[in-house]
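[1] Below: sequence and its predicted model.
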Amino acid sequence: MVGLFFAARSIAEIGTDVVVGAVSDRLRSRRTILVLTALFNAAGALCYTLLRDYYLLLLAGMVCFGLGGACFGQLFAYTRELADARGVDAPFFNGFLRSVTSLAWVVGPPLAFWVIADWSFTALYATTAALSLLAAALCGWGLPDPHKPGSPKSGSPKPGSAESGSAGATADEPAGPPASTKSGTEPPPGLLGMFRGLGLRTVLVLGVVVLLLGANSMYQIDIPLHITEELGMSPRFAGLLLGVSAALEVPLMVLAGVWADRVGKQRMMVAATVCATVFFGLLPLTDSRPLLLALQLLNAAWVAVALNIPVVVLQDSLPGRFGTASALYSSAFKAGMFLGGLAVGTVATWTGHRQVFWVCAGLTALAGVLALLLRAVPQPSSPEPVRTPAPTP
């Protein structure tokens with residue numbers, strides 16, 4: 001019943017992410033979507049606080065958190081719009097946001113266990129609802145409007161950035177057009193045409209995300225069991241490994257954003273898959289604490305790229321449709337975690353916890369092949385302007 005609960009919620013979130021993303025591209029202000037999704041998260045947490053019937057909780061989780069989960073992808077779409085409007089490098093800005101997300105994962109779980117231990121689950125969900133309401137208020141009144149008159153537009157990016165022409169292009173990434181929709185161009189297709197224009201490039205990036213996040217999900221589930229049951233170490237050391245990796249990811253995500261335009265986003269994705277494959281290949285052969293801790297630098301390096309760069313590549317592949325691109329990334333992210341969670345139990349049951357990491361190495365190696373194929377696919381062109389017939393004299 002617990003498995004059904006999380007599976008149903010994940011499926012609902014994946015579906016609503018794409019729908020909300022397509023609808024959001026046709027709205028003037030994405031802050032409206034952010035406020036609504038935060039309010040749905042608050043409503044879901046309140047339902048968890050008050051309800052005690054399993055099926056009512058299942059329905060509330062699918063509806064409220066299914067719609068509220070779209071906030072994750074919409075934050076990346078808003079970040080890209082704001083970065084283009086302010087003339088800031090999108091990979092750097094996105095990397096900074098991802099580093100804050102990682103920091104939240106370092107702080108959030110221990111805080112949650114402390115609330116449960118000292119009070120109750122009811123107090124935990126009530127706190128979650130209050131934080132979601134605070135997030136809705138910040139989205140509504142605290143976030144700047146990227147489309148405010150007088151702000152610099154994406155057509156005039158910061159010199160040296162990837163969008164500024166050939167000066168910011170790398171060898172494997174020719175400079176593309178600005179990714180935002182300007183006046184006079186065809187508007188985003190919206191809900192009915194949400195999958196229009198999804199070419200091979202988009203499919204390859206989504207495949208890389210699903211494989212990498214599937215491997216990461218399998219690792220996070222299996223490493224505590226491997227540490228405690230097969231290596232005979234304490235649960236505290238398993239928690240230390242996860243905490244060290246999360247702490248290292250924070251600065252590395254910012255650095256990945258800084259280097260993205262210099263090195264090339266596609267090259268960084270290939271390098272991340274190589275680091276991941278080496279990490280998972282060495283992990284089953286390592287039995288000492290110092291070596292396991294040292295390997296976390298490789299782990300943090302590939303995760304920092306995987307959680308940052310692909311969403312920018314997707315946004316570049318769908319010019320003017322940041323909401324759809326970010327929602328597709330968010331859905332692929334959750335699909336990878338969902339499939340990884342299903343696979344790890346089967347592999348561990350049949351072969352043991354150590355062999356799970358070999359499967360992870362195979363998934364990341366396959367992701368590397370897709371990332372290499374991505375370099376052969378040309379970047380999309382900008383949306384065609386809407387042509388109006390000339391007036392008859």
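    All right, it came through fine. Residues are numbered from 1 along each chain as shown.
[2] going forward, measure contacts and count neighbours with C-alpha atoms only.
    Fine.
[3] Lys148: how many residues sit nearby?
    Using other Cα atoms under 10 Å, Lys148 has 11 neighbouring residues.
[4] what's the answer for Asp118, then?
    9.
[5] How about the one 4 residues further on?
    Burial of Thr122, expressed as a neighbour count using other Cα under 10 Å, amounts to 16.
[6] now do Asp84
    Asp84: 25 neighbours (other Cα under 10 Å).
[7] shaky segments in the stretch 1-150 of the chain?
    For the stretch 1-150 of the chain, applying pLDDT under 70 flags the ranges 2-3, 149-150.
[8] residues in contact with Trp122?
    That one is not Trp; residue 122 is Thr. Tyr48, Thr49, Leu50 (Cα atoms under 8 Å, 6 or more residues apart in numbering).
[9] same thing but at 10 Å, please
    Ala45, Leu46, Tyr48, Thr49, Leu50, Val115, Ile116, Thr128 (Cα atoms under 10 Å, 6 or more residues apart in numbering).
[10] and Leu4, which of the three is it?
    Look at Leu4: counting by DSSP: H, G, I helix; E, B strand; the rest coil, its state is helix.
[11] any idea how far it is from Cys139?
    32 Å (Cα to Cα, to the nearest Å).
[12] again, but for Gly340
    Counting by Cα to Cα - Gly340 and Cys139 are separated by 32 Å.
[13] between those two, who's got more neighbours?
    Taking other Cα under 10 Å, Gly340 and Cys139 do not tie; Gly340 has more neighbours (24 against 20).
[14] Which strand or helix spans the more buried one?
    Using DSSP states H and E, Gly340 falls within helix 322-351.
[15] I'd like the mean pLDDT over that helix, please.
    Average pLDDT, helix 322-351: 80.
[16] what's downstream of that helix, the next helix or strand?
    Taking DSSP H and E, what comes next after helix 322-351 is helix 353-374.
[17] and that following helix with helix 322-351, angle?
    Inter-element angle recorded for helix 353-374 and helix 322-351: 150 degrees (by axes from the mean of the first three to the mean of the last three Cα atoms, to 10 degrees).
[18] so how far is helix 353-374 off the chain centroid?
    19 Å (Cα atoms, centre = their mean, to the nearest Å).
[19] what comes up buried for that helix?
    Within helix 353-374, the residues that count as buried by 16 or more other Cα atoms under 10 Å are 353-354, 356-368, 370-374.
[20] Helix, strand or coil: sort out Leu143 for me.
    Under three-state DSSP, Leu143 falls in the coil class.
[21] What is the neighbour count of the residue nearest to it when sequence neighbours are not counted?
    Nearest residue to Leu143, sequence neighbours excluded (Cα to Cα, 6 or more residues apart in numbering): Arg31, at 7.5 Å. Counted by other Cα under 10 Å, the residues lying close to Arg31 total 24.
[22] try the one 5 residues further on
    Residues within reach of Leu36, counting by other Cα under 10 Å, total 18.
[23] gap between it and Cys139?
    9 Å.
[24] what's the strand or helix carrying Thr79 packed up against?
    Following DSSP H and E, the helix or strand that holds Thr79 is helix 70-86. When contacts are defined as 3 or more Cα pairs under 10 Å, 6 or more residues apart in numbering; DSSP states H and E, helix 70-86 packs onto helix 2-24, helix 31-50, helix 90-118, helix 309-317, helix 322-351.
[25] Distance to Gly281 for those - can I get that in TSV?
    Listed next are the helices and strands packed on helix 70-86 as TSV, based on distance: least, Cα to Cα, whole Å:
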stretch	distance to Gly281
helix 2-24	29
helix 31-50	39
helix 90-118	25
helix 309-317	23
helix 322-351	16
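[26] Asp145: which of these is closest?
    Asp145 lies closest, by Cα to Cα, to one member of the helices and strands packed on helix 70-86: helix 31-50, at 7.9 Å.
[27] Which pair of the contacts of Thr122 spans the longest distance?
    Among those, Leu50 and Val115 lie farthest apart (Cα to Cα), at 17.2 Å.
[28] so how many other residues sit close to Pro310?
    Residues near Pro310, counting by other Cα under 10 Å: 23.
[29] wouldn't it be in contact with Leu213 here?
    No - here Pro310 does not reach Leu213: they are 11.5 Å apart, not a contact under Cα atoms under 10 Å.
[30] Identify the contacts common to these two.
    Common contact partners of Pro310 and Leu213 (Cα under 10 Å, 6+ apart): none.
[31] Just give the nearest non-adjacent residue to Val250, would you?
    Nearest to Val250 is Ser99, by Cα to Cα, 6+ apart, at 4.4 Å.
[32] how near is the one you found to Pro91?
    12 Å.
[33] okay, and the common contacts of the two?
    With Cα under 10 Å, 6+ apart, Ser99 and Pro91 have common neighbours Met253, Val254, Asn308.
[34] Tell me if I'm right that the last one and Gly95 touch.
    Which is Asn308. Yes - taking contacts as Cα under 10 Å, Asn308 lies within contact range of Gly95: 5.6 Å.
[35] intersection of neighbour lists for these two?
    Common neighbours of Asn308 and Gly95, using Cα under 10 Å, 6+ apart, are Met253, Val254, Ala256, Gly257, Ala260.
[36] and Gly239, what helix or strand is that in?
    Going by DSSP H and E, Gly239 is part of helix 235-263.
[37] which strands and helices sit next to that helix?
    helix 90-118, helix 200-225, helix 265-282, helix 289-306, helix 309-317.
[38] Now with 8 Å, please.
    helix 90-118, helix 200-225, helix 289-306, helix 309-317 (3 or more Cα pairs under 8 Å, 6 or more residues apart in numbering; DSSP states H and E).
[39] Those: which one's closest to Ala271?
    helix 289-306 (7.7 Å).
[40] picking up where we left off before, the helix holding Thr79 versus helix 309-317: what angle between them?
    Using the same axes, to 10 degrees: helix 70-86 against helix 309-317 is 60 degrees.
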